[in-house]
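Visitor: Next one to model:
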Amino acid sequence: MADKIGNMSDFARIVGLSRPTVAKYFADPTSVRSTTRRLIEDALRVHDFRPNLFAQSLKRRNPRNIGLVVPHLIDPFYAEVVRRIETTCREMGYWAIVLSSHGEPSEETAALEMLLSLNLAGAIVAPLGHKSNLDLLQKLNKRIELVVLDARIGIDAPFVGTDNDQSISMMVDYLCRTGEPPCFMDMPGVNSNAIERREAYVRAMGRADRTPTVIPVDADGWNFEAAGFAAANRQIDIGGFPTRTIMCANDRIAFGVMAAACRRGVKIGRTADSDLRVAGHDDHPLSPFSCPGLTTVAQDYTAIATTSLNLLLAAISDEGLDAGEAPCADIPEGTALFPARLIMRESA
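Guide: Numbering: from 1, shown residues only. Modelled structure (predicted):
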């Protein structure tokens, strides 16, 4: 009967090596002598032992674990950023511990408390916004290296996100050049992006010598499609929109606006027989497949994800990505804002 192997110490005893030597092999097989490596690998084929590297990392003086908290894993923006960060972490020998706050302050608090209870090298947090627990985020920032993603918040940590002033200004300029100037369909004030995009719209309209008009949404929370749908129906009920062009704070708001317009017989598009133009922000994966396809601006997922991890690893050690791999060659100290690209489709 084969000896029972419960942990790395048991395996080392069976192989006839010291536990530190076996641990060294699992950290990097090339770090041990070829004869030792063959001995361990022959034993692995016989006993099929696999150590709990995650648990081992949690005990290390220099852990290889990175925490990652986002508002919603089902949101395509956060899902893609998480995917890219996880992939790069694996390539660089780190574990990414991914948690979602599900749009709820209590869930975000629980996620942050979980990170505080673990032995981490650092963390990347996309906070909910004004409902986040700042005291807890400050505590985490003092305990480990921290990078804030997507939404600004009042703590002294590096921030990575989209340049909302650039992206909104680009869209306002395009819409003013190609048709009636846009009114702005707001989004629930869940985070700093809501404020930044609204204020960027007002500034851009001022530079174009146009009068800004903001349509508020009577909603709170992350159900953006429902908020846009309800706000658009209210506008139609009171006689229509201020102009025949609507610029939405994000694509999910735009989906709600387009659904309401379609159900009320309002034709969306940029053709002469259309009643309304609609534009969004973010380039949601469904944007090309809405009817009509949604004109929007695309955030740079690769740059945001790569730079977030690069800044964190650079703060932890010298293991950040090479400068040539970083998508932004000149990152302002403590902040990295990336420009968006205009994506023209049939809706505007």
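Visitor: This protein: helices as residue ranges?
Guide: 8-15, 19-27, 34-47, 53-59, 76-91, 105-117, 134-143, 164-178, 192-207, 224-237, 251-263, 301-316 (DSSP state H).
Visitor: Please work out how many residues are found near residue 169.
Guide: 18 (other C-beta atoms under 10 Å). Bear in mind the C-beta positions are built from the backbone N, C-alpha and C, glycine included.
Visitor: Could you pull up the residues touching the closest residue to residue 195 other than its chain neighbours?
Guide: Distance criterion C-beta to C-beta, 6 or more residues apart in numbering; nearest residue to residue 195, sequence neighbours excluded, is residue 189 at 6.8 Å. For residue 189, the contacting residues are 129, 130, 195, 220, taking C-beta atoms under 8 Å, 6 or more residues apart in numbering as the criterion.
Visitor: Equivalent analysis for residue 215, please.
Guide: Counting by C-beta under 8 Å, 6+ apart, residue 215 touches 183, 184, 185, 186, 231, 235, 241, 242, 246.
Visitor: which intervals of the protein have sub-threshold pLDDT?
Guide: 1-4, 6, 27-28, 48, 50-62, 318-334 (pLDDT under 70).
Visitor: Kindly state the domain boundaries assigned to it.
Guide: Recorded structural domains for the chain (assignment: automatic domain parsing) are 8-51, 64-162+301-338, 164-298.
Visitor: Does residue 214 touch residue 183 like I think?
Guide: Yes - Residue 214 lies in contact with residue 183 (C-beta atoms under 8 Å); the separation is 7.3 Å.
Visitor: neighbour count winner among the two?
Guide: Set side by side, residue 214 and residue 183 show unequal neighbour counts under other C-beta under 10 Å, the larger going to residue 183 at 21 against 15.
Visitor: is that one in a bridge, and if so with what?
Guide: As for beta bridges, residue 183 partners with residue 246 under DSSP bridges.
Visitor: Residue 245 is in contact with that one, correct?
Guide: Yes - using C-beta under 8 Å as the test, residue 183 is close enough to residue 245 to be in contact (7.1 Å).
Visitor: Centre of the chain to stretch 254-271, how far?
Guide: Offset of stretch 254-271 from its chain centre (C-alpha atoms, centre = their mean, to the nearest Å): 28 Å.
Visitor: Let's see the distance spanning that stretch from one end to the other.
Guide: 19 Å (C-alpha to C-alpha, to the nearest Å).
Visitor: same question, stretch 177-194
Guide: 25 Å.
Visitor: follow-up on the earlier one: of the helices of the chain, which approaches residue 271 most closely?
Guide: Across the helices of the chain, the minimum distance to residue 271, taken as C-beta to C-beta, is reached by helix 164-178, at 12.3 Å.
Visitor: Show me what that closest one is packed against.
Guide: With contacts defined as 3 or more C-beta pairs under 8 Å, 6 or more residues apart in numbering; DSSP states H and E, helix 164-178 has these neighbours: helix 192-207, strand 245-248, strand 277-279, strand 296-298, strand 341-343.
Visitor: how about 7 Å then?
Guide: For helix 164-178, the packing partners by 3 or more C-beta pairs under 7 Å, 6 or more residues apart in numbering; DSSP states H and E come out as helix 192-207, strand 245-248, strand 296-298, strand 341-343.
Visitor: How about the residue nearest the centre of the chain, nearest residue that isn't a chain neighbour?
Guide: Residue closest to the average C-alpha location in the chain (C-alpha atoms, centre = their mean): residue 78, at 3.6 Å. Excluding its sequence neighbours, the residue lying closest to residue 78 (C-beta to C-beta, 6+ apart) is residue 70, at 4.1 Å.
Visitor: burial count for the one you found?
Guide: Applying the criterion other C-beta under 10 Å, we find 26 residues in the vicinity of residue 70.
Visitor: so who does it touch?
Guide: If you count contacts by C-beta atoms under 7 Å, 6 or more residues apart in numbering, residue 70 has them with 78, 82, 100, 126.
Visitor: Just name the closest of those residues to residue 255, please.
Guide: Each of the contacts of residue 70 was checked against residue 255 using C-beta to C-beta; the closest is residue 78, at 17.1 Å.
Visitor: which residues touch the closest one?
Guide: Contacts were defined as C-beta under 7 Å, 6+ apart; by that measure residue 78 touches 70, 71, 72, 126.
Visitor: picking up where we left off before, the residue nearest to residue 78 and residue 192, how far apart?
Guide: Shown here: residue 70 relative to residue 192, a distance of 15 Å by C-beta to C-beta, to the nearest Å.
Visitor: likewise residue 266?
Guide: Between residue 266 and residue 192 the distance is 32 Å, computed by C-beta to C-beta.
Visitor: ranking the contacts of residue 215 by neighbours, who comes first?
Guide: Counting neighbours by other C-beta under 10 Å, residue 246 comes out on top of the contacts of residue 215 with 30 neighbours.
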